[in-house]
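Student: Curious how this folds, go ahead:
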Amino acid sequence: QLQLVESGGGLVQSGGSLRLSCAASGFTLDYYAIGWFRQAPGKEREGVSCISSSGGSTNYADSVKGRFTTSRDNAKNTVYLQMNSLKPEDTAVYYCVAYRLFRLCVEALGPDYWGQGTQVTVSS
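Tutor: Numbers count the residues shown, from 1 in each chain. You can find the predicted model right below:
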């Protein structure tokens, strides 16, 4: 079964940090650009970041630039989202998604695979 599995979410105070992980099972992430999206209750889904298959290119939403960093370890078949200086408005369910092309991630078009999501809650 092909799937993405997120982990690392939780409850953190404002100003704190979390690192999310996205692991693949049933396929290798080497050939996929990986994006992180988030969705808060009552709000539209928002693209957070993208990283190319090689890791050489990244893209971030303005709301997280300078605070979030995405990286990947293809040997571990895992992609990460390091989130620093967290704010209450970062509270959401975070999903990782896989794209055949980096451009499709940046344009937030339909991905090939979705994870089940992990909850991030930032208290004020």
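
Student: contacting residues for Gln13?
Tutor: Shown in contact with Gln13 (C-beta atoms under 8 Å, 6 or more residues apart in numbering): Val122, Ser123. Glycine gets a C-beta too; all of them are placed from N, C-alpha and C.

Student: Can you name the residues bridging to it?
Tutor: When bridges are called by DSSP bridges, Gln13 pairs up with Ser123.

Student: For it, report the pLDDT, please.
Tutor: Looking at Gln13, its pLDDT is 98.

Student: And it, how far from Thr91?
Tutor: Separation of Gln13 from Thr91 (C-beta to C-beta, to the nearest Å): 12 Å.

Student: can you list residues touching both of these two?
Tutor: Residues within reach of Gln13 and of Thr91 at once, by C-beta under 8 Å, 6+ apart, are Val122.

Student: how far out from the middle of the chain is the lowest-mean-pLDDT helix or strand in the chain?
Tutor: One helix or strand of the chain scores below all others by mean pLDDT, DSSP states H and E: strand 113-114, with a mean of 90. Strand 113-114 sits 12 Å away from the centroid of its parent chain (C-alpha atoms, centre = their mean, to the nearest Å).
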